[in-house]
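J.: need a structure here:
(chains A, B and C)
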Amino acid sequence: MDDDILNSNDEYQYGFKDDYQPVYSTGKGLNESIVREISSQKHEPQWMLDLRLRAFKIYQKLPMPKFGPDLSKLDLDNINYFQRATDQVARDWSDVPNSMKQTFEKLGVPEAERKYLAGAEAQYESEAVYANLKKEYAKLGIIFCDTDTALREYPELVKTYFGKLIGPENNKFAALNTAVWSGGVFLYVPKGVHCKIPIQSFFRINNGSTGQFERTILVVEEGASVNYVEGCTAPNYSEDSLHAAIVEVFVKRDAFARYTTIQNWSDNVYSLETKRASAAENATMEWVDGNLGSKVTMKYPSIDLNGPHATGTMLSIAFASNHIFQDTGCIMRHNAPFTSSNVISKSICKTGGICNYRGKIRMRPNSQGSKSHIECDTIIMDDQSKSDTIPTNIIQNGDTTLEHEAKVSKISETDLYYLMSRGLTEAEATKMIIMGFIEPFSKQLPMEYAVELNRLIDYQMEDSVG
Amino acid sequence: MLKITDLHVKIIENNQEVIKGLNLEIPDGEIHVIMGPNGTGKSTLSQTIMNSGKYEITHGQINFNGTDLAKLSTDERARLGIFLAMQYPTEIPGIKNADFIRAAVNAMRPKSAQPTVLEFMQSLSKAMDILDIKLDYTDRYLNEGFSGGEKKRNEILQMMMVKPQLAILDEIDSGLDIDALKVVSKGINTMRGNHFSSLIITHYDRILRYVKPDVVHVMMDGKIVASGGIELAKSLEQGGYAQLRDKLGLNIKLVDE
Amino acid sequence: MTELTISEFAKSHGEPAWLVAKREVASDIYCSLPLSAQQRPYQMTNPKLTAVTVNNDNLAPQHLKQQGVIMMDLFAAAQEYPTLIQENLMEKTIPWRDNALNARHLAYLTTGAFIFLPSNTICNEPINLTNFIDHTQLEKHLLIIAGANAEATFTFNDCGTTPKKDCLMVEVLLGDNAHIKYFDENNAKSEYHHRVLNAYLARNATLHTFVGLFNAHNTLYDSSFSLDGEQSEGYLNVVSLGMNTQQQNVNAEIINHGRNTHGEIQARGIVAERAKTNFHTNGVITKNGYGAYSDQASRLLTLDSTSQGQVDPILLIDNYDVVAGHAASVGKVNADQLYYLNSRGIPLRQAKLLLTRGFLLPLIDAFPNEQMRKQMLDKLEGRFNVR
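T.: Sure thing, here's the model as predicted:
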């Protein structure tokens, strides 16, 4: 697995429903004329059409990934590759499965939010909040819009960055995304601008485009900083069986970027996502990545540490319950001297869940003085669940330091005993231990996300211990 | 002898100046003591003399027997006859104590003057006797799994074996119970002579009951602020650093205040 | 000497028909069996067989012979103890069909020894196996079977003298409550040396292996323990020295099949001068491995910036009631330790040598034989070429 693989994104998808016939639909399956049609419907420039067509050819040639979860049940010919609704018609609430409604109920997700999460409500939060933020961003020169809009309004800027980190050659699903992408976020932070409050993706959602093959680009210019958060912790209900997004993050000299994702698709979704960032001299890039849902996740965000003293961090949790398969990890490429990377991965699996960590650290020949620290911890909660830890650490310069540690175990009986001796029930004690286990992750989340995560873990734990 | 002139030192990691114009002279045969509150730069001084790589001299000079130390590496300084008993001696699994001390002893001498294995073992066991160190010590790995007191004794044992001209003892007394303190002091006292000088860095005057110093210095905020005889240490023990600071009219914030 | 076919070769020293047949099949199919990129350079071509002389005696020392210990030429043993050899030779621990190298090894095996300890045999003195095989041969084999409650320590000092490629495969089978230690110093002279040590452990058995890869050329070392019986314990230790552009690949694996089994892998390597060392370690706990313990520690000490390496400590865990972990590190000598030695007047080069020795010593010190320990440390010092 040299390069990253896929998985989708948590943006919500709302422009269609079961029995609703979108105005433009490319039909099921994929061929060259569909790719052309997608491009022409959006009045794209020639270079984008050329790129899509090239990607489509590569997609046809590339094999399915040869490692990790079984993807043979994923029927790529039975997928709608492009649809665009003319209006904001939402999925009917009554179409949302009862199990999902119960989940929302149990989690105490507010009514308005439930409909939004289920795709039965196109808008979330108020338009007014977004308008204010928009004004604020504009004042700072920040561009924040969906990628289709960006391609129309800032074609040169998009052309400079689009596909520069993740080409269609990267893997089959990156090629697929490049051929048929739609939507996603374009965020540009000009030189020296510090965006103090986290920018959150769901304020963006007000026009419909499919979230299945999203294309997200973040550009953080010299000395600028941004904290971008996408997704939400309550489960997102989706009828799409495949989500394959691409995220590219460019962190320029002395700049800082943090990209936080909570992936919590409903359990029918293959989430195969490709994410890659580059960090220039003295820049810092951080991926904060939580994977809680989907049927199968394959996602290995990567960072190219291209300039001296660049720093990369990957902080992730994976929670696999009820036969979910989380195959996640990260890639750090130390391409310059004195770069450093830090990887912390926490996995929990239970009730038949599988959590795999798959990671690669590469110290290139000119990476002298670079450092890497990797920590992978896993808790397996019962005998139906399993976990593999598969790291690759390649050292091409001996003047570097790398430390890798991993631990796999069940919940410590000593810890459990200690907490229960203070009067906690087994369920309470177990949950407390799990929360403590993922604390390095949750403490990095914005408050409202941390609260939701807590609620979600609560819920996930309840059906196992209670 | 050691001569330090207008020394300024910063910590490389955070660029913070810790020693701010320090002057000190230790003639041959004398034992000097530096006392001072926490965070005042005492350990920085000892590590700078030995060139630990964590500090940088931004101004001033350290001279030893007329040689400017600036360009010398750590081992070159050691071979000039400077010894540092460290506050936190490093643990090195895989290297046996005896092998290490022998390598150190040999490093200080030309081949012709190096003791044979037998001579070495004899003098080692004599020194171990004085310091009350258990026999199995020689085969244990360097400082590995040693208690605080064992590590301190090991530093003194190395000093006795290497026979330096100047021994800097950085908080050699911390963490020692009264018996261990006596033993360690005994070791230091065996070294006394016209060609041995020492710089003892400490918080307390406890060790001075057993090792009689020629000069006591007080260090605060990166400088020597007072020097005197043993009575200076005694007055400190009674009045504390804050009182001395106020008496001297210094505007310094003590770390523990 | 005349070149022989497999059957001519086998018949020349009276191999049983089953072995000849098996060798012929192996020879026919080995080219079609899997061969990884890592294994490819170690594949030998154009095998040539010439007759060997076989000693049919039991070469065990008198006092061991009295306890029923067998130490004899593998080919002689194939005639003398056909059932034992047929059931175990390349069947249980190094399956001959697994890959091209294994099959070729069986097809063109020309020297080997069979060591058998009957139940309850206790050998107090280390047994040196070095001279039981012909080191000039290309495909060499040791088959060691220890019966229930047997205890022994083996040493082996490989001094393979072939110039191009050679291979030694060692199989160790431990019965219930058998306790074996195996110390191996590799001094092979070939440009590509392949070495395998696989083991099977029954209930309560323990196996410690220590191998020192001190040879100066490319090496592929594969070792896999199957902890099959309840409460069996395996300790797999590797020390390697990689200098002067040599490539060392170590694949070490412990599989915890049985309940309450305990496996530890420890690998330590020195790399310098454009050498490359790869430690690929696997801890596997299967579905039934309740109460299993699996631990790996891989450490690479890089002496200069041209040193290269790869450490992949892998855990494949299929049970929850386990304690599994790994730690891997790559880096130069510790700066604090170097400073401490320097502060005692020890010059940089010598300090680095001391720290390098210290890095390997805990594993070298475990060797029971003073001469082997000294040889390894001398090799380190002799080849240590760092400023």
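J.: now the chain, which segments are flagged as low pLDDT?
T.: No chain was given, so I picked chain A. Scanning chain A for pLDDT under 70 picks out the ranges A:1-28, A:82-97, A:99-133, A:201-211, A:231-240, A:462-466.
J.: That was the other one, I meant chain B.
T.: Within chain B, the stretches with pLDDT under 70 are B:255-257.
J.: can we see that at 80?
T.: B:94, B:253-257 (pLDDT under 80).
J.: Pick out the residue of it closest to chain C.
T.: residue B:94 (2.8 Å; CB to the nearest CB). Just so you know, the C-beta spots here come from the backbone N, C-alpha and C atoms, and that holds for glycine as well.
J.: what's the closest non-adjacent residue to that residue?
T.: residue C:358 (2.8 Å; CB to CB, 6 or more residues apart in numbering or on different chains).
J.: for the helix or strand containing the one you found, what is the average pLDDT?
T.: Element membership for residue C:358 (DSSP states H and E) is helix C:348-364. Averaging pLDDT along helix C:348-364 gives 89.
J.: on that earlier part again, what helix or strand is the residue of chain B closest to chain C on?
T.: Secondary structure from DSSP H and E places residue B:94 in strand B:92-96.
J.: List the strands paired with that strand, with their directions.
T.: Counting by DSSP bridges, the strands paired with strand B:92-96 are strand B:141-142 (antiparallel).
J.: circling back: keeping just the C-alphas, turn the strand holding residue B:94 into CSV.
T.: Provided in CSV are the C-alpha atoms of strand B:92-96 (Å, rounded to 0.1, in the frame of the first residue of the first chain):
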residue,chain,number,x,y,z
ILE,B,92,23.8,2.7,30.1
PRO,B,93,22.7,-0.9,29.9
GLY,B,94,25.2,-3.2,28.2
ILE,B,95,28.3,-1.5,29.5
LYS,B,96,29.7,-3.0,32.6
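J.: what's the angle between it and helix C:348-364?
T.: 90 degrees (axes from the mean of the first three to the mean of the last three CA atoms, to 10 degrees).
J.: what's the angle between the next helix or strand after strand B:92-96 and strand B:92-96?
T.: Using DSSP H and E, the helix or strand that follows strand B:92-96 in sequence is helix B:97-107. Between the axis of helix B:97-107 and that of strand B:92-96 there is an angle of 70 degrees, by the same axes, to 10 degrees.
J.: Checking my notes, residue A:70 in a strand, right?
T.: No - per DSSP: H, G, I helix; E, B strand; the rest coil, residue A:70 lies outside any strand segment and is coil.
J.: rewinding a little: and the strand holding residue B:94, which residues are buried?
T.: B:92, B:94-96 (16 or more other CB atoms under 10 Å in any protein chain shown).
J.: ok, now stretch C:66-82?
T.: Residues C:69-79, C:81 are the ones in stretch C:66-82 that count as buried (16+ other CB under 10 Å).
J.: so where's the stretch 51-200 of chain C shaky on pLDDT?
T.: C:158-162.
J.: 90 instead, please
T.: Counting by pLDDT under 90, the stretch 51-200 of chain C contains low-confidence ranges at C:51-56, C:136, C:157-163, C:186-189.
J.: so where do the strands sit in the stretch 101-250 of chain B?
T.: With DSSP state E, counting those that start in this stretch applied, the stretch 101-250 of chain B shows strands at B:141-142, B:166-170, B:197-202, B:215-220, B:223-228, listed in chain order.
J.: Pipe those strands into CSV and attach distance to residue C:315 per row.
T.: Formatted as CSV, the strands of the stretch 101-250 of chain B follow (distance: least, CB to CB, whole Å):
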stretch, distance to residue C:315
strand B:141-142, 29
strand B:166-170, 43
strand B:197-202, 47
strand B:215-220, 52
strand B:223-228, 55
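J.: can you map out the helices along chain C?
T.: Under the criterion DSSP state H, chain C carries helices at the ranges C:6-12, C:17-29, C:62-66, C:74-80, C:82-88, C:100-107, C:335-342, C:348-364, C:370-383.
J.: can you tell which of those is closest to residue C:300?
T.: helix C:348-364 (10.0 Å; CB to CB).
J.: So which other helices or strands are in contact with the helix or strand harbouring residue A:332?
T.: According to DSSP H and E, residue A:332 maps onto strand A:325-334. Using 3 or more CB pairs under 8 Å, 6 or more residues apart in numbering or on different chains; DSSP states H and E as the contact test, the elements touching strand A:325-334 are strand A:284-291, strand A:296-299, strand A:302-305, strand A:311-320, strand A:340-349, strand A:354-363.
J.: what distance separates that strand from the centre of its chain?
T.: 12 Å (CA atoms, centre = their mean, to the nearest Å).
J.: what's the angle between that strand and strand A:340-349?
T.: Note on geometry: by the same axes, to 10 degrees, strand A:325-334 and strand A:340-349 are set 170 degrees apart in direction.
J.: Could you pull out the buried residues of the helix holding residue C:358?
T.: Neighbour-count burial for helix C:348-364, counted by 16+ other CB under 10 Å, picks out C:348, C:350-361, C:363-364.
J.: which of the residues you listed sit farthest apart?
T.: For these, the farthest-apart pair by CB to CB is C:348 and C:363; their separation is 24.8 Å.
J.: if we can go back for a sec, kindly reformat the helices of chain C as CSV containing distance to residue B:37.
T.: Output for the helices of chain C, formatted as CSV (distance: least, CB to CB, whole Å):
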stretch, distance to residue B:37
helix C:6-12, 84
helix C:17-29, 79
helix C:62-66, 71
helix C:74-80, 76
helix C:82-88, 73
helix C:100-107, 69
helix C:335-342, 26
helix C:348-364, 35
helix C:370-383, 47
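J.: For residue A:421, find the nearest of the ones you listed.
T.: It is, among the helices of chain C and with distance given as CB to CB, helix C:348-364, at 38.8 Å.
J.: Summarise which helices and strands the closest one is packed against.
T.: strand B:92-96, helix B:97-107, strand C:206-213, strand C:233-242, strand C:262-271, strand C:293-302, helix C:335-342, helix C:370-383.
J.: Export these as CSV, with columns for distance to residue C:320.
T.: As requested, the helices and strands packed on helix C:348-364 are exported to CSV (distance: least, CB to CB, whole Å):
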stretch, distance to residue C:320
strand B:92-96, 34
helix B:97-107, 44
strand C:206-213, 25
strand C:233-242, 21
strand C:262-271, 17
strand C:293-302, 13
helix C:335-342, 39
helix C:370-383, 41
